[in-house]
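A.B. asks: Just the structure for this:
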Amino acid sequence: MESSIKEIELDIEELRNLLTTVKREHTKAVLSKELNELDKRLKIMESTAVKPISPAPKEESKEEVTYRSITAFGWEQDDKAVKVRITSGLDGVGKLPKENVEVNFEPRSFDLKVKDLNGANYRLKIAPLNKEINEKDSRFQVKSNSITITLSKKEKGNWDDVKEKQPLFKPKEKGKEKDEDPQASLMNMMKEMYESGDDEMKRMIAQSWSKAQSEQGKKPF
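C.D. replies: Predicted structure coming up:
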């Protein structure tokens, strides 16, 4: 197709050169007619020619960002707000660009992300919070080596903790009390106490369970 187009272009160029040299009107008319025909053919061929498809730009691969969890923080409160302070493990955070530190506030959570601090990324996410907050009025402040997050309380009052406390025992569904096996109920209760207790509590429960069940050949949990 490209070679045919090129040939027609050469013919058109030659005819135009001839038109400038001929003197007879009849000859000029013949050449002009042929030139018009060639122009039409050229336009048709150019419109139907298959244009090479340029390759689509490659999408940049997005590397998954990994974070180190921030586990050490303190908090304090008044009637209107709760302040969460991270004062260790973030040396030099104040020198980072502003876009490297961000906090996403939701009604029952906040998510702090610190990127590229001394070659690592850090994150503190608390969800659900003890109570609801006003996300629009909440804010954070970055200092040389620390970050303070201020959570604006939706309702004035005291928080028992920053995080929502889960009940030690789940409430039983109505109608299941009579059908529930007492031994299974006791076992579930002891498991919940074991999972939520400290090391000393776990040790005591494990010893008691092992002693009580040894004659039945059951394994301690």
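
A.B. asks: Now residue 127. Nearest residue, chain neighbours left out?
C.D. replies: Sequence neighbours aside, residue 109 is the residue nearest to residue 127 in space, at 3.3 Å (criterion: CB to CB, 6 or more residues apart in numbering). Just so you know, the C-beta spots here come from the backbone N, C-alpha and C atoms, and that holds for glycine as well.

A.B. asks: beta partners for that neighbour?
C.D. replies: residue 106 (DSSP bridges).

A.B. asks: per-residue pLDDT, it?
C.D. replies: Listed pLDDT for residue 109 reads 97.

A.B. asks: before we move on, what SS does residue 64 have?
C.D. replies: The three-state label given to residue 64 by DSSP: H, G, I helix; E, B strand; the rest coil is coil.

A.B. asks: Check the offset of the helix or strand residue 122 falls within from the chain's centre.
C.D. replies: Assigned by DSSP states H and E, residue 122 belongs to strand 120-126. Centroid separation between strand 120-126 and its chain, computed with CA atoms, centre = their mean, to the nearest Å, is 13 Å.

A.B. asks: In it, which of the residues would be classed as buried?
C.D. replies: By neighbour count on 16 or more other CB atoms under 10 Å, the buried set for strand 120-126 is 122, 124, 126.

A.B. asks: same deal with stretch 137-154?
C.D. replies: Buried residues in stretch 137-154, counted by 16+ other CB under 10 Å: 138, 140, 142, 146, 147, 149, 150, 151, 153.

A.B. asks: Which residue lies closest in space to the fourth one, excluding its sequence neighbours?
C.D. replies: Taking CB to CB, 6+ apart, and ignoring the residues beside it in sequence, residue 146 has residue 87 as its nearest neighbour in space, at 4.5 Å.

A.B. asks: average pLDDT across stretch 6-20?
C.D. replies: For stretch 6-20, the per-residue pLDDT values average out at 78.

A.B. asks: just the helices in this structure please.
C.D. replies: Using DSSP state H, the helices of the chain run over 2-19, 25-48, 182-196, 199-213.

A.B. asks: For these, could you give me JSON lines that also reports distance to residue 118?
C.D. replies: Shown next, in JSON lines, are the helices of the chain (distance: least, CB to CB, whole Å):
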{"stretch": "helix 2-19", "distance to residue 118": "59"}
{"stretch": "helix 25-48", "distance to residue 118": "61"}
{"stretch": "helix 182-196", "distance to residue 118": "36"}
{"stretch": "helix 199-213", "distance to residue 118": "33"}
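
A.B. asks: So which of those is nearest residue 161?
C.D. replies: Proximity to residue 161 (CB to CB) singles out helix 182-196 among these, at 14.4 Å.

A.B. asks: What residues are bridge-paired with the closest residue to residue 76 other than its chain neighbours?
C.D. replies: Distances taken as CB to CB, 6+ apart place residue 83 nearest to residue 76, at 5.3 Å, with adjacent residues excluded. Under the criterion DSSP bridges, residue 83 forms beta bridges with residue 76, residue 150.

A.B. asks: mind checking how far residue 83 is from residue 110?
C.D. replies: Noted for residue 83: a distance of 12 Å to residue 110, by CB to CB, to the nearest Å.
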